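Participant: requesting a structural model of the entry that follows:
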Amino acid sequence: MSIAESSELRSAPVFIDGRRLYDFIVSGAGNIILNERNLNRINVFPVADGDTGTNLALTMRTIITKAERSEEVGRTMDSISRIAVENAYGNSGLIFAQFLHGFAESVHLKERITMQEFAESSSRAVQYAYRAVASPKEGTILTVMREWTEELGQLPVQETLEAWLERSVQRAKKIVEQTRTMMKVLRDNNVVDSGAKGFLLFLEGILSHVKNGGTINLHQAAAAFEEEHVHVNLSETALDYRWCCQFVLQVDEKTVGTSDVTASLSRQLEGLGDSLVVTGTAPLLHVHMHADDPEQLMGQLQKHGAVVSHKADDMAVQQSISVRRRNRVGIVTDSIADVPASLLRDAQVVVIPVNIIQDGTAYLDKVTMTPSRFYREIDALSMHPTSAQPSLAAIERIFSFMLSHYDEVLGVFVSSGMSGLHHQASSVAKDLSVDGKRIRVLDTRQNSAAEGLLVLEAVRLADQGLDLDAIAVQVEKLAARTRIYVSLETLKFMLKGGRVSRTQGFVLGLLKLKPVVSIDPVGKGTVWAKTFSRKSAASRMLHAIEKDFRTHGIRSWGLVYADDSSVMTEFRKRAETIIGMPPAYIEPISAVVALNAGRGTFAVAYVMEGA
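Facilitator: All right, here's what the predicted structure looks like:
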């Protein structure tokens, strides 16, 4: 911005055009990004899951990189609001996006606006934000939005833009401080509401731009904010609901009611959760809710339209990390790693779900597509389901959350020979590993229970206090000493998934062979043994276990199964006798693994001692 433009802003500009408004919003967005970690530190409402800063920062980054800077106010705001709504995350994130959407609706088709029109549009935007929330709470971002716009409405004659904004921001600052006592959870933790603080940071970024034409003093303010809250100790609270769910729903407006979409959906989703926020306009709605059963919630929403995309975050793990971080190295894995969810929660391991595409809809493995649902529906499907990697945005969101709580993060992922997830995660990790933060992504060259055992080994090493590189080196060594053997009842699923050739499948089927599948040293699936019965297959697997146990020893092992655990009852007894200890866990395989394994499958995986 030129000196002349800056001087004009400080005096008394009559109009705000699209470019100027864009600069305001980008400056505000930049200040939120600058304080991402600080906002996470004070996040206790509605759940102390430590992700408000990350959610807001991701939305703001997308606005900065994708929004159009047009001369026309209406066109600029249409671009900003669309991007904000499409990329909003979390409770405060969706409310903020709906505020921007309401502002955009108010200035639609306008080339420029006066200060009075800015105030009126902001007031209308607050109404949009309130309507999006099923049960609005005072002492949150909504309260600050409302009080700020009311102060904006008090526009004395001849007041400059700078003075006008300064006065309104001071009012917002006062209200933010008052949120510290407006809800019990905030009083108990002696913090202000993180969403409210995020909106204040946005306003302060705008004011800094108007006063200085840039971000002067914002870094200093962020440092002061961090210093003030560096020793904040948040308390862990019992969660009413475990999952933070968010859906993009394409719906006919008549299906949910035209008068009040939020109220209509609230009635229909009653009893499934809380913290309902509905943003956007039909036919495309963004639905946020805290729930215990994301699969059930998605099923209810599908009665009203098609779920275009969705996400679900485990708030129990997020809160645990935010309140009582277990280790200095954070660990992330994918849903193909078959480990009991309770073990992962206790170990504070964050899971990135792989997508399952069924009848044109993407589901989240183990979250909105559980193994039990998969087997209930698989036989009735006209097309065999497929799997798909998580999007770069989904990986970035989880890695960003982790980096706001850790300086070092280890990703333990499925074999690159079976999925492109390792490549995707490595790409994101490279971009985010800056300013002293590091993510290291491991290719385990394993999947299912074998990958799961390596995740637990990484946790054990982190518990010992090892740093990122030391853990990575040890896990890579252990990966080379890890084995998995999978006994299949049928090749039908592997044929449908393209994991074996039609010729190979035909021959094995013609001879009625029962194959045992394993993973070769480079991480690709291979038919390890061809047997004439499941009993013979089990004997071959047990022989391999006994040989490795006698030669090297076995430090940990686990069992996984498809739809029926009874098929491995005898196998488990004999394996336990050989190894001399019970399995670390017995777990159903993920729906992604089941795509190729099919009914009746069971597998054993183990990590050997020694070289």
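Participant: how many neighbours does residue 420 have?
Facilitator: When neighbours are defined as other CB atoms under 10 Å, residue 420 has 11 of them. Backbone N, C-alpha and C define where each C-beta goes, glycine included.
Participant: run a quick neighbour tally on the residue lying closest to it once chain neighbours are set aside.
Facilitator: Of all residues beyond its chain neighbours, the one nearest residue 420 is residue 389 (5.3 Å), with distances taken as CB to CB, 6 or more residues apart in numbering. Neighbour count for residue 389, taken as other CB under 10 Å: 18.
Participant: ok, residue 389 to residue 439 distance?
Facilitator: Summarising the geometry, the distance separating residue 389 from residue 439, computed by CB to CB, to the nearest Å, is 17 Å.
Participant: mind checking pLDDT for the residue lying closest to residue 480 once chain neighbours are set aside?
Facilitator: On the basis of CB to CB, 6+ apart, the spatially nearest residue to residue 480 that is not a chain neighbour turns out to be residue 521, at 7.5 Å. According to the prediction, residue 521 has pLDDT 95.
Participant: residue 521 contacts residue 445, doesn't it?
Facilitator: Yes - Residue 521 is within contact range of residue 445, at 7.2 Å (criterion: CB atoms under 8 Å).
Participant: what segments of the stretch 351-500 of the chain are strands?
Facilitator: 355-358, 361-364, 386-388, 408-413, 438-443, 482-487 (DSSP state E, counting those that start in this stretch).
Participant: equivalent analysis for the stretch 1-150 of the chain, please.
Facilitator: Using DSSP E, counting those that start in this stretch, the strands of the stretch 1-150 of the chain run over 15-17, 112-114.
Participant: buried ones in the last one?
Facilitator: So the one you mean is strand 112-114. Applying a neighbour-count criterion of 16 or more other CB atoms under 10 Å, the buried positions in strand 112-114 are 112-113.
Participant: and what of stretch 423-432?
Facilitator: For stretch 423-432, burial by neighbour count (16+ other CB under 10 Å) applies to 424-426, 428-429, 432.
Participant: residue 120: which of those residues is nearest?
Facilitator: Closest to residue 120 out of the buried residues of stretch 423-432 is residue 432 (40.2 Å), distances taken as CB to CB.
Participant: that closest one and residue 513: what is the separation?
Facilitator: 47 Å.
Participant: likewise for residue 400?
Facilitator: When residue 400 is compared with residue 513 (using CB to CB), they lie 48 Å apart.
Participant: check residue 379 too.
Facilitator: Between residue 379 and residue 513 the computed distance is 23 Å (CB to CB).
Participant: more neighbours: these two, which one.
Facilitator: Neighbours around residue 379 and residue 513, counted as other CB under 10 Å, are more numerous at residue 513. The numbers are 19 against 7.
Participant: need phi/psi at the more buried one.
Facilitator: Residue 513 has phi and psi values of phi -80, psi 150 when expressed as degrees, to the nearest 10.
Participant: spatially, what comes nearest to it if we skip its sequence neighbours?
Facilitator: The shortest distance from residue 513 to any residue that is not its chain neighbour, by CB to CB, 6+ apart, is 4.6 Å, and that residue is residue 530.
Participant: can you list the strands that the host helix or strand of the one you found pairs with?
Facilitator: Of the helices and strands defined by DSSP states H and E, residue 530 is found in strand 525-531. Here strand 525-531 is paired, per DSSP bridges, with strand 514-519 (antiparallel).
Participant: so which residues make contact with the partner strand?
Facilitator: Strand 514-519 is contacted by residues 415, 445-447, 450, 483-489, 491, 494, 508, 525-534, 536-537, 540-541 when judged by CB atoms under 8 Å, 6 or more residues apart in numbering.
Participant: and the angle for it with strand 482-487?
Facilitator: Counting by axes from the mean of the first three to the mean of the last three CA atoms, to 10 degrees, strand 514-519 lies at 160 degrees to strand 482-487.
Participant: off-centre distance for strand 514-519?
Facilitator: In terms of CA atoms, centre = their mean, to the nearest Å, the centre of strand 514-519 is found 34 Å from the chain centre.
Participant: grab the nearest non-local neighbour of residue 427.
Facilitator: That would be residue 392: by CB to CB, 6+ apart, it lies 7.1 Å from residue 427.
Participant: neighbours around the one you found, how many?
Facilitator: Counted with other CB under 10 Å, the burial measure for residue 392 works out to 13 neighbours.
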